[in-house]
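Enquirer: One predicted model, sequence on top.
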Amino acid sequence: MDEEHWIAAARRGDVEAFNHLVLRYQDLAYTVAYRITGDASAAADAAQDAFITAFRKLHQFRGDRFKPWLMRIVTNACYDELRRVKRRPADSLDSLYEISDAPDALLPAPDTPEILAQQAELSAAIQDCIRALPDDQRVIVVLSDIEEYAYGDIAEITALPLGTVKSRLSRARGRLRDCLRGIGELLPAEFRLIDDES
């Protein structure tokens, strides 16, 4: 069966059909949520909440573009999770030493232990810079620069005008650029931002 048939069956209450949609999109939902929240547990919670919401609201789905509709629910679940965490921050000492198993498409495969260590440090620094962005900018930069959605799809997912998407992305990239200047020594030479000193 193709996606349209699974959606139609799920609308009729077929949980098994909806499970096929979950299996198809669970990795994407988790990855987007992880990049937005910066926390594996929060990402898992947001992705799970998003699928529950999607199942409950499947009757509201109008159209043939299920993926952007679902990603909108995922980003909304991430906003909810970020608000919840801000109300009740609860970091344990163990989480300071937790190593993420989230997929990282930012870096190529390592060649040596030294390169592996540098890449891990750079990846963590980039994630810290992304995490430091305001929530509304972080969502846009994750969808655009990490998940590679087109501006129109991002506007649809976030329910924002196209101009707002572009301006938030521009501001987010500016903040990321400023943040990455502070870690310039971690960046490979071809990516370092050089200030004119003349």
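Expert: Done, it's in.

Enquirer: in the chain, which spans are helices?
Expert: Ranges of helices in the chain, per DSSP state H, are 3-11, 15-37, 40-56, 66-87, 113-131, 135-141, 151-158, 162-181.

Enquirer: and these, which one is worst for confidence?
Expert: Ranked by mean pLDDT, the helices of the chain end with helix 113-131 at the bottom, a mean of 79.

Enquirer: ok and that helix relative to helix 15-37, angle-wise?
Expert: With axes from the mean of the first three to the mean of the last three Cα atoms, to 10 degrees applied, the angle from helix 113-131 to helix 15-37 works out at 90 degrees.

Enquirer: Can you name every helix or strand that helix 113-131 contacts?
Expert: Under the contact definition 3 or more Cβ pairs under 8 Å, 6 or more residues apart in numbering; DSSP states H and E, helix 113-131 sits against helix 135-141, helix 162-181. The C-beta positions use only the backbone N, C-alpha and C, and glycine is treated the same way.

Enquirer: The longest one: which residues count as buried?
Expert: When neighbours are counted by 16 or more other Cβ atoms under 10 Å, the buried residues of helix 162-181 are found to be 165-166, 168-169, 171-173, 175-176, 179-180.

Enquirer: how much does it deviate in direction from helix 151-158?
Expert: 100 degrees.

Enquirer: Which elements pack onto helix 162-181?
Expert: So helix 162-181, by 3+ Cβ pairs under 8 Å, 6+ apart, packs with helix 113-131, helix 135-141, helix 151-158.
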